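[1] Quick one, structure for this:
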Amino acid sequence: MPGFIDAHGHITYTALNLAAANVSSPPVGTANTVADVVELLKVHAANTESESWVIGWGYDDSLLAEKRHPTRTDLDQVSTTRPVAIRHVSGHFVSCNTPCLAAAGV
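    Model prediction:
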């Protein structure tokens, strides 16, 4: 069917986002600061299985008050035992905490 094929594959993000925390800034989400991102992830973590990764999507460093990416130290506030990873709104960056980096061998 012409025009029906998505060769770039953004549709996969839709399914991934359903099981993750929305850490986007307004108007898509509610995160205005790095602290807001951390708080949204903490709420999401409290509502997921304790063995699972804590995943977030949609953060935008240019819209956060601090004008920076969340760091490992920021995300360690969510959990120091569970991996935490958040995907940038562009889909081209990921920030993660210490357990996430350890799982990646970093």
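[2] what ranges do the strands span in the chain?
    For the chain, strands defined by DSSP state E occupy the ranges 21-22, 54-59, 84-88, 94-96.
[3] could you dump these to TSV with distance to Gly105?
    The way it works is simple: take the backbone N, C-alpha and C, and place the C-beta from them, glycine included. TSV is the format used below for the strands of the chain (distance: least, Cβ to Cβ, whole Å):
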stretch	distance to Gly105
strand 21-22	25
strand 54-59	19
strand 84-88	14
strand 94-96	12
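[4] pLDDT weak spots in this protein?
    1-15 (pLDDT under 70).
[5] The lengthiest helix in it vs strand 54-59, what angle?
    With secondary structure taken from DSSP state H, the chain has its longest helix at helix 34-46. If you take axes from the mean of the first three to the mean of the last three Cα atoms, to 10 degrees, helix 34-46 sits at 140 degrees to strand 54-59.
[6] buried ones in helix 34-46?
    34, 36-42, 44-45 (16 or more other Cβ atoms under 10 Å).
[7] Please convert those to TSV, extending it with distance to Gly105.
    Formatted as TSV, the buried residues of helix 34-46 follow (distance: Cβ to Cβ, whole Å):
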residue	distance to Gly105
Val34	26
Asp36	30
Val37	25
Val38	25
Glu39	29
Leu40	28
Leu41	23
Lys42	26
His44	25
Ala45	23
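[8] If we only consider those residues, which is nearest to Val78?
    Val78 has its nearest neighbour among the buried residues of helix 34-46 in Leu41, at 4.4 Å by Cβ to Cβ.
[9] show me what contacts the closest one?
    Each residue near Leu41 by Cβ atoms under 8 Å, 6 or more residues apart in numbering is listed here: 21, 23, 54, 56, 75, 78, 84, 86.
[10] Kindly report the same for Asn97.
    Neighbours of Asn97 in contact, by Cβ under 8 Å, 6+ apart: 72, 75-76, 78-80, 83-85.
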